[in-house]
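Chemist: coords below, sequence missing:
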């Protein structure tokens, strides 16, 4: 029945025509390279990042326009709201943290939020992003008023929650909202009605950051979210004229080009080998909490891994990795240090995972290594330290230590650099653990309408590779929902559905 309900609305969520959903031509053999030639894999992923960042050289006018709107809002005594969902939600909160770090006297003037509230930083709250009305309720709850500025971002340009936020902001505030996204206007306007409505509305400022396919198909946590975070960050913290702005962008691209990413290889191999042997990790930091938290928590929805354990859950499946804020000894202090404010949870009764009580069950304090060692009795729990020492980011894990010189790198670019490195690091670890095939996310978890569509499309691609061409979208959708009812959350529903369809196609009993 669920399959038929989805098929009634499938035209709103068929996203295979979007470049951000397509396989990248440079990474067609990424899964094999991650195992057999990780140095080359690192080099290719670095190249994809560089190419994506290169488009920003031609986006300086839009960034300056956004900066001017931000400056006008601040000077008038109003607030900036940064809205997103999933990766764009996490980057919105990360940018608020950077604002609080760099602008302590105006710390309350920027508010970053995401679908599901702060709780969704750690654990995706299923189907929240499919509800535009939730965004309006969330903005109202946060106190969005006339004169405030909304900066909303959706990597694909089609997320209902983010579009709902833009529509609400336009209705409430006389200050025009901004909408940032990473797919071509003509493709979105032709295929997605809700996107067309926003793009053709002249009362909404748009910044299009199309850069083509992601390094891992559909994984917009990589290049798309990097571009969006950098553009909003430059508007918040960058220079006020186009010449200086372009110079800063080019300097960061040159910094990336001159940095040898191959130092990641021993860290990738050690961490993946530890997981394959049944071990676990706690990432420890003081300075980079929000950026490390973002990468480690995004691994769960991207690769269908167990999310961070919540101490309030009974017998939770342990997450492969966790994070601990080094110099804190209790949960509340840890969250205040990571966010530079108290957590903002929603406490919506129909979504118990949004509550403050549940949020505090994620103990990301300096005690994380101790309690994880205790509850994972007999299993190996190792510490991966990422800290700032003098003018270097220092990686320290399994007797491997590497210093990344960052002297004179602005704080925004410092965190973006770490984001790029961790995205590559975690993506190649997952390739070594067979969590994707070539550059297709075979372990995608269809927890919202967009991801149901993605799973169906990937199944069709993989079946066609095996010479099975007689099945259509509807056939795959029906079988996918059947398998979702049968299997546990930790199983790969894409692969299970493929197996069932292949048996049916060949005439075998399922």
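Modeler: Yes, it's here. Note that the structure is predicted; figures quoted are calculated from it, not measured.

Chemist: got any ranges where the protein has weak pLDDT?
Modeler: Applying pLDDT under 70 to the chain picks out residues 1, 506-510.

Chemist: domain assignment for it?
Modeler: 2-19+440-506, 27-37+261-432, 60-208 (automatic domain parsing).

Chemist: between these, which one is closest to residue 246.
Modeler: Of all the domains of the chain, it is domain 60-208 that lies closest to residue 246, at 5.2 Å by Cβ to Cβ. In short, each C-beta sits where N, CA and C put it, glycine included.

Chemist: between the two ends of the closest one, how far is it?
Modeler: With Cα to Cα, to the nearest Å as the measure, the ends of domain 60-208 fall 12 Å from one another.

Chemist: quick one: closest of the domains of the chain to residue 232.
Modeler: domain 60-208 (5.8 Å).

Chemist: distance between the longest strand anywhere in the chain and the chain's centre?
Modeler: When the chain is scanned for its longest strand (criterion: DSSP state E), the result is strand 381-389. Computed by Cα atoms, centre = their mean, to the nearest Å, the separation of strand 381-389 from the middle of its chain amounts to 22 Å.

Chemist: on that earlier part again, just so I know, which of the domains of the chain lies nearest residue 218?
Modeler: domain 2-19+440-506 (5.5 Å).

Chemist: distance from the chain centre to the closest one, please.
Modeler: So, by Cα atoms, centre = their mean, the centroid of domain 2-19+440-506 is 22 Å from its chain's centroid.

Chemist: and if you look at stretch 116-128?
Modeler: The chain centre lies 12 Å from the centre of stretch 116-128; the measure is Cα atoms, centre = their mean.

Chemist: for it, measure first residue to last.
Modeler: Start-to-end, stretch 116-128 (Cα to Cα) is 6 Å.

Chemist: show me what the longest strand of the chain is packed against.
Modeler: Applying 3 or more Cβ pairs under 8 Å, 6 or more residues apart in numbering; DSSP states H and E, we find strand 381-389 packed against helix 264-276, strand 280-285, helix 368-375, strand 392-397.

Chemist: out of those, deepest packed?
Modeler: With neighbours taken as mean count of other Cβ atoms under 10 Å, the helices and strands packed on strand 381-389 reach their highest mean count in strand 280-285, at a mean of 23.

Chemist: how many neighbours does residue 16 have?
Modeler: When neighbours are defined as other Cβ atoms under 10 Å, residue 16 has 16 of them.

Chemist: one more: residue 26?
Modeler: Using other Cβ under 10 Å, residue 26 has 15 other residues around it.

Chemist: likewise the one 10 residues further on?
Modeler: When neighbours are counted by other Cβ under 10 Å, residue 36 registers 11.

Chemist: just the one 3 residues further on next, same as before
Modeler: Residues lying near residue 39 (other Cβ under 10 Å) number 14.

Chemist: how near is it to residue 265?
Modeler: Distance of residue 39 to residue 265, computed by Cβ to Cβ, to the nearest Å: 6 Å.

Chemist: contacts only, for the closest residue to residue 19 other than its chain neighbours.
Modeler: Closest residue to residue 19 apart from its sequence neighbours, by Cβ to Cβ, 6 or more residues apart in numbering: residue 212 at 5.2 Å. Neighbouring residues of residue 212 by Cβ atoms under 8 Å, 6 or more residues apart in numbering: 19, 22, 24, 52.
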